[in-house]
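In: sequence plus the predicted model coming up.
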Number of protein chains: 2
Amino acid sequence: MFPQNPVIAVVGAGAVGSYYGGRLAQHGHDVHFLLRGDYDAVRRNGLVVESCDGDFRIPAEAVRAHADPRRMPKGDLVIVALKSTSNDELASLVPPLLKEQTAILTLQNGLGNEERLAGLFGAHRVLGGMAFVCICRVAPGVIHHTDHGIIRIGEFENSARRDRVERIAAMFNASRVKCQVLDDLRFGRWQKLVWNIPFNGLGAVLDLATDRLVGSEEGVELVRQLMEEVRSAARADGVELPPEVVRVNIDNTRTMGPYKSSMQVDRQQGRPMEVEAILGEPLRRARARGAVTPVLEALYRAAVVVDAGLRFRPATQDH
Amino acid sequence: MFPQNPVIAVVGAGAVGSYYGGRLAQHGHDVHFLLRGDYDAVRRNGLVVESCDGDFRIPAEAVRAHADPRRMPKGDLVIVALKSTSNDELASLVPPLLKEQTAILTLQNGLGNEERLAGLFGAHRVLGGMAFVCICRVAPGVIHHTDHGIIRIGEFENSARRDRVERIAAMFNASRVKCQVLDDLRFGRWQKLVWNIPFNGLGAVLDLATDRLVGSEEGVELVRQLMEEVRSAARADGVELPPEVVRVNIDNTRTMGPYKSSMQVDRQQGRPMEVEAILGEPLRRARARGAVTPVLEALYRAAVVVDAGLRFRPATQDH
């Protein structure tokens, strides 16, 4: 049984890890944060969250911040909120946190994260979740949460363990985080990709916010075409997304105003973009199962080139 | 017969018009420049060209600069070097310059410019040409020419008039501009698009210089795919480009160093990009003739969206 008062470890305390971990800590849970660059700032100033669902703060003397996983208590629940571009670090960061029954919940973007964790630590431990949230880390230990916030979580393959996912969801719901349980995590993952692939992908490679992408007929057509390709890829992967997901996602994006996707922000700030999780892995599944996705293919290649370019110096010749 | 000492009018004196018109003037030809924004500067300071083929200068007292075509002499040759995004102005700018035998040579980028001129002024007048040149206007009336410079010109449809194109070519060749005569202008146009579509198109939508596009396997693959689509579109349009154009264009680009295409520079400076001439018209021909060009299709849409975005204010929400 998943315990009533679990020890929780949050691996990767960027915006998502800090926000959701912070909400659990705010509501009395025993949450330990594994930090890297922000460790000193959080030790000194605590964690500050300005949120549309209510501001809160975990003061420096109360925050359980750690720089080394070997000095953390083992957890009942490990929440993985690393950027997927840092997944190579999971093999060293997570093992010190595990005991026999530890569950691992990844809240990372894209496809392939549960598979990675399952391969490293055993599929029986793994749950996946998606955060639908407008959030950003504006300074070390300072998070702005501006809209939405729901998470949807599901067991990776352990459908018999319904009690575990229900308990974790109940814990979030009691901590001011709306959390839904997914019967079919793969459906949820593909459903989220219907938005993420065009808006993170095009947003990053074209360096355009959402309002520009849906602000012209040609932009909508490009988005629509990618969304249909995601439906084809999902279908080839055994997930049937209803046709109306295309219209609904475009209509919802029209009401969002100018919004820069995380991949666009990463590009603008010269940080690695989550190309493989959001574009590469979906494309590889489409290819492996024979789906025809030429625009996704071009988008992926473009994103790889842009991402590689972030590690170049800019061109100097200007004509 | 095309006259030995023609009156020449250059419409649109940006980098290309100023350079090629300037070379003709430098070598004693009667060249009149129709200027817009740069008129005052050129009247005051003349035309200054720093060129890898030899610097030169047309002093203020010698330069024949005009702001109004109705106050210019009629020409024997009108050289159109407007940016293709200003083609709507041709109908008012060119007629005052025409007499019965006036020839019109467009040195503009992309497809559709000869057709536009032919529709307005008669196909018998029209010649087309392509400038292979690294050139830029660094200030009003100041041109930097850093590499290459050859032009290739051909009759639009008047193949009987070989004497005219030969005379014009001879005039350029006698004025330090290497000029070749094309027997098949459409072949030349499509051949140039093999480079322009991937490097101007991707360069602009991804905001990347050539070295980044050919600096990774995925980038080369994307470029290669677009070049093959251009070959398909050309074939559907009756032009068979040999398979080696793909390899040759990629290899030549590898030796260029970091180079920003004109469309990328336009994007960075917030000026209209030549989307329709370089991407839209080739795509429309491909569509009309049943060629399959999915990556070109996506690239065109992306370019339309980016170009429209240049007239937006930037998004302010940053997360």
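Out: Ah, there it is.
In: buried residues, stretch A:35-54. List them.
Out: A:35, A:38-39, A:41-42, A:45-49, A:51 (16 or more other CB atoms under 10 Å in any protein chain shown). (C-beta placed from N, C-alpha, C; glycine too.)
In: with pLDDT and distance to residue B:69 as added columns, please give those in JSON lines.
Out: Listed next are those as JSON lines, based on pLDDT from 0 to 100; distance: CB to CB, whole Å:
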{"residue": "A:35", "pLDDT": "95", "distance to residue B:69": "68"}
{"residue": "A:38", "pLDDT": "94", "distance to residue B:69": "64"}
{"residue": "A:39", "pLDDT": "96", "distance to residue B:69": "69"}
{"residue": "A:41", "pLDDT": "96", "distance to residue B:69": "65"}
{"residue": "A:42", "pLDDT": "96", "distance to residue B:69": "68"}
{"residue": "A:45", "pLDDT": "96", "distance to residue B:69": "68"}
{"residue": "A:46", "pLDDT": "96", "distance to residue B:69": "71"}
{"residue": "A:47", "pLDDT": "97", "distance to residue B:69": "68"}
{"residue": "A:48", "pLDDT": "97", "distance to residue B:69": "65"}
{"residue": "A:49", "pLDDT": "97", "distance to residue B:69": "64"}
{"residue": "A:51", "pLDDT": "97", "distance to residue B:69": "63"}
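In: and the residues you listed, which two are furthest apart?
Out: Taking CB to CB as the measure, the buried residues of stretch A:35-54 span a maximum distance of 22.5 Å, between A:39 and A:51.
In: let's have the buried residues of stretch A:35-54 in a markdown table, adding secondary structure.
Out: Below are the buried residues of stretch A:35-54 laid out as a markdown table (DSSP: H, G, I helix; E, B strand; the rest coil):
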| residue | secondary structure |
| --- | --- |
| A:35 | coil |
| A:38 | coil |
| A:39 | helix |
| A:41 | helix |
| A:42 | helix |
| A:45 | helix |
| A:46 | coil |
| A:47 | strand |
| A:48 | strand |
| A:49 | strand |
| A:51 | strand |
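In: how about those residues in TSV, adding distance to residue B:121?
Out: Listed next are these as TSV, based on distance: CB to CB, whole Å:
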residue	distance to residue B:121
A:35	70
A:38	67
A:39	71
A:41	68
A:42	71
A:45	72
A:46	74
A:47	71
A:48	68
A:49	67
A:51	65
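In: which members of the residues you listed additionally contact chain B?
Out: Residues shared between the buried residues of stretch A:35-54 and the neighbourhood of chain B: none [CB under 8 Å from any CB of the partner chain].
In: return the member of those nearest to residue B:28.
Out: residue A:38 (70.4 Å).
In: and the nearest residue to the closest one once chain neighbours are set aside, its phi and psi?
Out: Distance criterion CB to CB, 6 or more residues apart in numbering or on different chains; nearest residue to residue A:38, sequence neighbours excluded, is residue A:140 at 4.0 Å. Main-chain torsions, residue A:140, degrees, to the nearest 10: phi -50, psi 120.
In: contacting residues around residue A:140?
Out: Counting by CB atoms under 8 Å, 6 or more residues apart in numbering or on different chains, residue A:140 touches A:37-38, A:40-42.
In: okay, those residues in a markdown table with distance to residue B:56 next?
Out: Shown next, in a markdown table, are the contacts of residue A:140 (distance: CB to CB, whole Å):
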| residue | distance to residue B:56 |
| --- | --- |
| A:37 | 56 |
| A:38 | 59 |
| A:40 | 62 |
| A:41 | 60 |
| A:42 | 64 |
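In: quick one: which of these is nearest chain B?
Out: Comparing these against chain B with CB to the nearest CB picks out residue A:38 as the nearest, at 16.6 Å.
In: who's in contact with the closest one?
Out: Listed by CB under 8 Å, 6+ apart, the contact set of residue A:38 reads A:13, A:137, A:140-141.
In: so what touches the biggest helix by length in chain A?
Out: Ordering each helix of chain A by length in residues (DSSP state H) puts helix A:217-236 first. Contacts with helix A:217-236, where a contact means CB under 8 Å, 6+ apart, come from A:190, A:193-194, A:197-199, A:201-202, A:212-214, A:240-241, A:243, A:245-246, A:249-250, A:282-283, A:285-286, A:289-296, A:299, B:298, B:300-302, B:304-305, B:308.
In: likewise stretch A:261-281?
Out: A:83-85, A:108-113, A:136, A:193, A:196-197, A:199-201, A:203-204, A:207-210, A:260, A:296, A:299-300, A:303-304, A:306-307, A:310, B:318-319.
In: equivalent analysis for stretch A:40-48, please.
Out: Defining contact as CB under 8 Å, 6+ apart, one finds that stretch A:40-48 is touched by A:13, A:18, A:22, A:25, A:33, A:35, A:57-63, A:65, A:139-143.
In: which of the residues you listed fall in helices?
Out: Going by DSSP H, the helices hold A:18, A:22, A:25 from the contacts of stretch A:40-48.
In: could those residues be laid out in CSV, adding distance to residue A:70?
Out: Converted to CSV, the ones in helices among the contacts of stretch A:40-48 look like this (distance: CB to CB, whole Å):
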residue, distance to residue A:70
A:18, 22
A:22, 24
A:25, 22
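In: against residue A:106, how distant is the nearest residue to residue A:56 once chain neighbours are set aside?
Out: Excluding the flanking residues, the one nearest residue A:56 by CB to CB, 6+ apart is residue A:26, at 4.9 Å. Remark: distance between residue A:26 and residue A:106 (CB to CB, to the nearest Å) = 22 Å.
In: ok, residue A:43 next?
Out: 26 Å.
In: one step back: the contacts of helix A:217-236 in helices, which ones?
Out: Within the contacts of helix A:217-236, residues falling in helices by DSSP H are A:190, A:193-194, A:212-213, A:245-246, A:249-250, A:282-283, A:285-286, A:294-296, A:299, B:298, B:300-302, B:304-305, B:308.
In: all strands of the stretch 51-200 of chain A, in order?
Out: A:56-58, A:64-66, A:77-80, A:103-106, A:126-139, A:142-155, A:179-181 (DSSP state E, counting those that start in this stretch).
In: filter the contacts of helix A:217-236 down to the buried ones, ChimeraX style.
Out: In ChimeraX, this line selects whichever of the contacts of helix A:217-236 come out buried by 16+ other CB under 10 Å:
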select /A:190,193,194,197,198,199,201,202,212,213,214,241,245,246,249,250,282,283,285,286,291,293,294,295,296,299 /B:298,300,301,302,304,305,308
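In: for chain B, what's the nearest residue on the stretch 101-250 of chain A?
Out: For the stretch 101-250 of chain A, CB to the nearest CB, closest residue to chain B: residue A:136, 3.1 Å.
In: low-confidence bits of the stretch 101-250 of chain A, can you list those?
Out: A:158-160 (pLDDT under 70).
In: which residues of it lie near chain B?
Out: Proximity of the stretch 101-250 of chain A to chain B (CB under 8 Å from any CB) is limited to residues A:134-136, A:138, A:144, A:146, A:202, A:205-209, A:211-213, A:215-216, A:218-219, A:221-222, A:225.
In: let's see 6 Å
Out: A:136, A:205-209, A:212, A:216, A:218-219, A:221-222 (CB under 6 Å from any CB of the partner chain).
In: the closest residue to residue A:147 other than its chain neighbours: neighbour count?
Out: In space, and not counting its chain neighbours, residue A:147 is closest to residue A:134: 3.9 Å by CB to CB, 6+ apart. Residues near residue A:134, counting by other CB atoms under 10 Å in any protein chain shown, number 16.
In: so residue A:73 sits against residue A:9, correct?
Out: No. Counting by CB atoms under 6 Å, residue A:73 does not reach residue A:9; the two are 7.8 Å apart.
In: who has more neighbours out of the two?
Out: Neighbour tally, residue A:73 and residue A:9, criterion other CB under 10 Å: the higher count belongs to residue A:9, 30 against 15.
In: quick check, that one in a strand?
Out: Yes. When three-state DSSP is applied, residue A:9 is found to be in a strand.
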